[in-house]
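here is my input; please provide its structure:
(2 chains)
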2 protein chains.
Amino acid sequence: MSTSPLHRYYPPSVDLPLFAENNTSVISLIGQFGFLWAAVLGIALITIRKVRPTASTSDKVAFVWMCLTGFVHLFFESHFVIHHVSLAGSQELFGQLWKEYSLSDSRYLTSDSFLVTMEAVTAFAWGPLSFLIAYTIAVQHPIRHALQLILSVGQVYGDVLYYATSLFELYFHGGEFCRPEGYYFWFYYFFFNAIWMVVGSYYAGQSVVEITRAFRVVGGLNMGKGKKGQ
Amino acid sequence: MSTSPLHRYYPPSVDLPLFAENNTSVISLIGQFGFLWAAVLGIALITIRKVRPTASTSDKVAFVWMCLTGFVHLFFESHFVIHHVSLAGSQELFGQLWKEYSLSDSRYLTSDSFLVTMEAVTAFAWGPLSFLIAYTIAVQHPIRHALQLILSVGQVYGDVLYYATSLFELYFHGGEFCRPEGYYFWFYYFFFNAIWMVVGSYYAGQSVVEITRAFRVVGGLNMGKGKKGQ
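Numbering: from 1, shown residues only, chains lettered A, B, ... in the order given. Down below sits the predicted model:
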């Protein structure tokens, strides 16, 4: 019954009628993606050094990370959300990158309802929010850690559900979406998503510590001087 | 091919081999659930009045809500996570309640990978966290709003994905999981989940405002008196 062209995705039975082989090599795709990351990183670093040269190293790194994650959410992940129907045949740079990534998770080529909706929130809520947080770091706005905590919880929770849904599909329903070679599982599926688990958890933790410290200071003021609060 | 007993779930073709009709009436089930909610609410109210009688009304309401949502997450939603395989045949109170609710979303009876994993996080992370927040309200701990923001973002994001996955399944893939009567869609599916959308958003907003205010106070201190910070 399958109308699918020959492909290397898992499970081999997955039907991808629109599939077309990437016309660019993997090395070139990853190289171009790496170049974009490096460009965003460079521009972000120049920007924060110019607008807030006295910022701590920690704040400079956070500014650069927020620009980088904002770029990935708002431009790369949105590409999947907007084009999920036709992605399997795409020859655009981001389309080809998603097709390469999908060797580790073919749900990206089948309009999986969890992936489309989770990535939509990531692209269109977490993406702009990341850039807004970068701005609050640049101007030292007091809302920064509230927004950083929202973003970080969103990223980590999305990532936990991403790992958990696919592992549950594998171990409970027997649905295999990743090619068997360790390269796809460990480098694409595990490592790339782990970046957001680790960095998201780090910034969530940082915000919890900073927020708690701020309330401790305010609480101390109120204790010492009666209900001043504001 | 279906081995499923006759049932009223949607789509009518959904295969539920273990299904057994509830042996308790809907009125009685909802009445018993309502009684449990009322009991938790009453115990929480007595507790906060006893341990922190001078708390503001806002804090008393928040304490009661955190106990209520903690009870629903840790006891009711965990029941689904633990028993999802055999739920369709359950005659326990919570099992029958889930079977009744599933008339508005049959994915709860088919071990849907998003629902099992999202509810697992809700039950075992957000459940204990809700009770911990209730404790931080009782003792006025400075970590309260950081934890409240984490919980609220988790609840709202989970709810957004809950609505979004099922609506995407319906409008994109044509998967209908809710019976056609408005009662099930509007009362079970829409209204019950909307409670957590509305209250979760309210407490997220409250925490963002309070956190921003605290940093404004601390920032003002630092401006006025040099880098004192702590």
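
A:Pro11: what's it in contact with?
Applying C-beta atoms under 8 Å, 6 or more residues apart in numbering or on different chains to A:Pro11 gives the contacts A:Ser106, A:Gly175, A:Glu176, A:Phe177. Every residue, glycine included, has its C-beta placed from N, CA and C.

just the buried residues out of these, in PyMOL syntax.
The PyMOL selection below is limited to those of the contacts of A:Pro11 classed as buried (16 or more other C-beta atoms under 10 Å in any protein chain shown):
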select buried, chain A and resi 106+175+177
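
and of the contacts of A:Pro11, the nearest to chain B?
Closest to chain B out of the contacts of A:Pro11 is A:Gly175 (8.1 Å), distances taken as C-beta to the nearest C-beta.

how many other residues sit next to A:Ser207?
Neighbours of A:Ser207 under the rule other C-beta atoms under 10 Å in any protein chain shown: 24.

surely it touches A:Leu151?
No - applying C-beta atoms under 8 Å, one finds A:Ser207 not in contact with A:Leu151, separated by 9.1 Å.

how close does A:Ala38 get to chain B?
Noted for A:Ala38: a distance of 31 Å to chain B, by C-beta to the nearest C-beta, to the nearest Å.

secondary structure element holding that residue?
helix A:26-51 (DSSP states H and E).

then A:Ser78?
helix A:78-83.

which element follows that helix toward the C-terminus?
Next along the chain after helix A:78-83, taking DSSP H and E as the criterion, comes helix A:93-101.

the very next helix or strand once past that following helix and chain B in contact?
Per DSSP H and E, the first helix or strand lying C-terminal to helix A:93-101 is helix A:113-121. Yes - using C-beta under 8 Å from any C-beta of the partner chain, helix A:113-121 reaches chain B at A:Ser113, A:Phe114, A:Val116, A:Thr117, A:Met118, A:Ala120, A:Val121.

try stretch A:67-80
No - contact of stretch A:67-80 with chain B (C-beta under 8 Å from any C-beta) is absent, the minimum separation being 13.9 Å.

check the offset of that stretch from the chain's centre.
Its chain's C-alpha centre and that of stretch A:67-80 lie 7 Å apart, by C-alpha atoms, centre = their mean, to the nearest Å.

likewise for stretch A:127-142?
On C-alpha atoms, centre = their mean, the centre of stretch A:127-142 falls 17 Å from the chain's centre.

quick one: buried residues of it?
Here stretch A:127-142 shows A:127, A:129-138, A:141-142 as buried, counting by 16+ other C-beta under 10 Å.

ditto for stretch A:120-129
The neighbour-count check on stretch A:120-129 (16+ other C-beta under 10 Å) flags A:Ala120, A:Val121, A:Thr122, A:Ala123, A:Ala125, A:Trp126, A:Gly127, A:Leu129 as buried.

show me the contacts for A:Ala123.
With contacts defined as C-beta under 8 Å, 6+ apart, A:Ala123 is in contact with A:His73, A:Leu74, A:Glu77, A:Ser78, A:Phe80, A:Val81.

which one of those residues is nearest to chain B?
Ranked by distance to chain B (C-beta to the nearest C-beta), the contacts of A:Ala123 are led by A:Val81 at 11.0 Å.

quick one: A:Leu147 and A:Leu132 touch, right?
Yes - if you go by C-beta under 8 Å, A:Leu147 and A:Leu132 touch, sitting 6.3 Å apart.

leaving out chain neighbours, which residue sits closest to A:Tyr162?
A:Asn193 (6.1 Å; C-beta to C-beta, 6 or more residues apart in numbering or on different chains).

could you say which helix or strand contains the one you found?
helix A:192-225.

show me the shaky parts of chain A.
A:1-4, A:225-230 (pLDDT under 70).

again, only using 90
Scanning chain A for pLDDT under 90 picks out A:1-6, A:10, A:12, A:17, A:172-175, A:219-230.

do you know how far the one residue sitting closest to the centre of chain A is from A:Tyr188?
Nearest residue to the geometric centre of chain A (C-alpha atoms, centre = their mean): A:His73, 5.5 Å. With distances taken as C-beta to C-beta, to the nearest Å, A:His73 is found 18 Å from A:Tyr188.
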